[in-house]
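Dropping the sequence and predicted coords here.
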Amino acid sequence: MLNFNYLKRIKMKTNKFFYIAVFVFFGLMSSCELQREEFDRILPENFYKNEEDIKSAVTAAYNNFHINSYSGGGVYSSSIGGINIYTEVSTDIMDCQWGDNGNWELFNTHSWTAADPRYSEKLYAKYKNVSQIRNIILQIEKSEVRDELKQRYIGELKALRGWLLYCLLDIYGPVPIAPDEALKDPVVELILERPAETEYVAQVESELKDAIRMLPLKGSEWGRVGAGAANMMLLKLYMHQKRWKEGEAIGRELMNAKYGYRLLDNYYDCFSLNTEVNNENIWVIPCNTENYANGWISHVLPGDYPYPNPAVEAWSGYRMPWDFYHTFEKKDKRLANIISEYVSKADGTVRNEQNPAGELIKGALPVKYTVDPNQKGDRGGIDVPVFRYSDVLLTLAESIARQGTVTQECMDLVNTVRRRAGLENLSLANYGDLNNFLDMLLLERGHELYCEGHRRTDLIRYGKYVEFNRRVANSHSADYKVLFPIPNSYLLESKGKIKQNTGY
């Protein structure tokens with residue numbers, strides 16, 4: 001597992017060397033302010049001397065994704081800045097009870113604008129890290145460590161860079177990618193335009209294919225990427241681009257026994273402290289109760305909920321809307337940690353949809369994770385899954401069907417996931433029609449992957465994102481809102497070369 005004491009120890013060290021990672025100008029800073037981020041005078045030629053130095057640099061790249069503060073410093077934060085949070089709130093699967101100056105309603109009703117993007121702009125600030133990661137790769141390539149280590153660490157970086165580029169594509173569309181020549185000469189001002197989507201996607205695909213070739217099947221430590229995780233990233237890219245046949249090939253690859261992936265017998269073992277290291281979770285964001293905490297539970301629990309660990313703070317925020325909750329079959333085992341009714345520890349009354357008492361007005365409690373007895377406050381230690389094997393099975397079923405025919409294999413893949421949830425098999429006779437199958441599969445994906453950050457992308461791929469939101473009261477959804485706006489500050493600093501997304 002990624003060593004948290006090690007992470008903490010190297011954090012200051014990596015801050016020192018990160019000034020070598022050039023923030024190539026495409027709007028990261030105005031031309032009159034163009035400069036390098038310089039924390040200390042450690043030079044790259046003095047840093048990449050041994051494996052510890054290189055491991056420090058690579059580990060720092062993971063910090064882009066880690067949950068490292070409440071304010072949402074990592075891509076996968078438990079708070080509103082995480083792309084797994086605000087994107088889910090913009091769908092039918094999640095809401096938040098807080099006012100927060102309209103932050104949550106803005107996402108829930110698709111009311112964001114270019115002038116008021118709110119927290120959707122946080123991911124764009126990660127653009128600079130694309131160049132940072134590339135700079136680390138260039139330095140490792142010149143280092144004198146063993147080729148075996150060099151290949152593995154570069155493979156990890158290529159996967160992380162590819163995934164960060166994919167996330168930016170999914171949220172904003174293509175962003176400029178600085179060429180190596182610019183990274184080697186950071187003093188020269190260079191304003192880059194957005195590339196064509198085909199060119200951008202080719203770059204992401206190349207990074208991920210390189211990573212797959214260079215990495216062992218599984219990460220060298222729990223939480224590090226291996227070829228399996230890189231394949232999953234590539235699968236997401238292919239589905240995003242509707243390249244169904246290539247998606248099918250990757251799905252079948254991940255089912256190969258050499259990877260060792262399988263469904264766990266118990267769904268919630270994927271979200272439990274004692275079983276978080278398992279053969280279903282393909283890539284996770286490792287968490288602990290100190291610097292890299294999972295704050296999900298605190299965001300969900302009401303203050304009067306009788307939670308087994310009294311040391312946990314309860315902020316009464318995230319909810320699963322009742323309309324979506326009622327789409328589950330009543331005997332679905334996945335409902336076990338979606339709380340629709342409880343006895344208030346405040347006054348002994350029953351809280352439920354009929355008697356919400358302020359706590360359940362917007363929906364049920366998507367608790368998701370099991371109890372962490374070590375959690376204090378909002379500092380939970382259960383890892384956050386990014387990719388799970390059940391997603392592979394459902395995605396493979398989709399990629400096959402979208403090529404024109406719903407096959408028995410498609411049904412078998414879906415039924416494998418359903419049986420784990422205690423549900424009956426569905427028949428090809430009832431779902432042989434492609435549209436019926438896809439409608440069923442979209443709902444099944446929502447039930448299986450709820451609150452894991454996949455719903456927005458799924459709805460867009462199915463052509464349902466805007467349609468579903470228009471059912472929400474005061475919806476401002478429109479076709480162009482399948483992308484978020486590029487923050488205006490970046491547009492201004494690019495001197496007109498960066499064009500805003502259509503509609504904003």
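Cool, the structure landed.

nearest residue to Trp163 other than its sequence neighbours?
With sequence-adjacent residues excluded and distances taken as CB to CB, 6 or more residues apart in numbering, Trp163 is closest to Met233, at 4.9 Å. Heads up, the C-betas are built off the backbone N, CA and C, glycines and all.

can you tell me the helix or strand for that neighbour?
helix 227-240 (DSSP states H and E).

Leu160 versus the residue nearest to Lys499 when sequence neighbours are not counted, what's the distance?
With sequence-adjacent residues excluded and distances taken as CB to CB, 6+ apart, Lys499 is closest to Arg194, at 6.6 Å. Distance of Arg194 to Leu160, given as CB to CB, to the nearest Å: 22 Å.

Neighbour count for the two, which is higher?
Leu160 (26 against 20; other CB atoms under 10 Å).

Need the pLDDT of Lys403.
For residue 403 the amino acid is Gln, not Lys. Note for Gln403: predicted pLDDT of 99.

quick one, what contacts it?
Trp244, Lys245, Glu248 (CB atoms under 8 Å, 6 or more residues apart in numbering).

re earlier: right, and the residue nearest to Lys499 touches Gln500 too?
No: in this structure, Arg194 is not within contact of Gln500 by CB atoms under 8 Å, at 10.2 Å.

returning to that earlier point: average pLDDT for the helix holding Met233?
99.

Which other helices and strands does it contact?
On a contact count with 3 or more CB pairs under 8 Å, 6 or more residues apart in numbering; DSSP states H and E, helix 227-240 meets helix 147-172, helix 197-214, helix 244-254, strand 281-285, strand 384-388, helix 389-401, helix 455-461.

which residues touch that helix?
Against helix 227-240 from outside (CB under 8 Å, 6+ apart): 155, 158-159, 162-163, 166, 169-170, 201, 204-205, 208-209, 211-212, 215-219, 244, 246-247, 250-251, 253-254, 259, 261, 282-283, 387, 391-392, 395, 398-399, 457, 461.

Please enumerate the strands of this structure.
95-96, 281-285, 318-319, 338-339, 342-343, 350-351, 365-366, 384-388 (DSSP state E).

Looking at the ones you listed, which is nearest to Thr59?
With CB to CB as the criterion, Thr59 lies closest to strand 281-285 of those, at 13.4 Å.

report the angle between the axes of that closest one and strand 384-388?
Orientation of strand 281-285 against strand 384-388 (axes from the mean of the first three to the mean of the last three CA atoms, to 10 degrees) gives an angle of 150 degrees.

OK, contacts around Lys142?
Residues in contact with Lys142 (CB under 8 Å, 6+ apart) are Tyr48.

Please repeat the previous calculation with a cut-off of 6 Å.
By CB atoms under 6 Å, 6 or more residues apart in numbering, no residues touch Lys142.

Check it and give its pLDDT.
On the pLDDT scale, Lys142 gets 94.

now swap in Asn294 and tell me
95.

Next, count neighbours for it.
Neighbours around Asn294, by other CB under 10 Å: 26.

bridging residues for it?
Gly380 (DSSP bridges).

Point out where the protein drops to low pLDDT.
The model of the chain has pLDDT under 70 over residues 1-46, 68-73.

any idea how far Glu88 is from Pro366?
9 Å.

Between these two, which contacts overlap?
Cys451.

from what I can see Gln139 touches Asp53, true?
No: contact status for Gln139 versus Asp53: not in contact, 9.4 Å apart, counting by CB atoms under 6 Å.

who's more crowded, the two?
A direct count of neighbours by other CB under 10 Å for Gln139 and Asp53 places Asp53 higher, at 22 against 19.

Let me know the closest of the contacts of Gln403 to Phe324.
The closest of these, once distances to Phe324 are taken by CB to CB, is Trp244, at 26.9 Å.

for that closest one, what are its contacts?
Ser399, Arg402, Gln403.

For burial, what's the neighbour tally of the first one?
Right, Ser399. 24.

and it, how far is that from Arg262?
20 Å.

ok, now Thr59?
29 Å.

rewinding a little: out of the helices and strands packed on helix 227-240, which is closest to Pro117?
That would be helix 147-172 among these, by CB to CB, at 10.2 Å.
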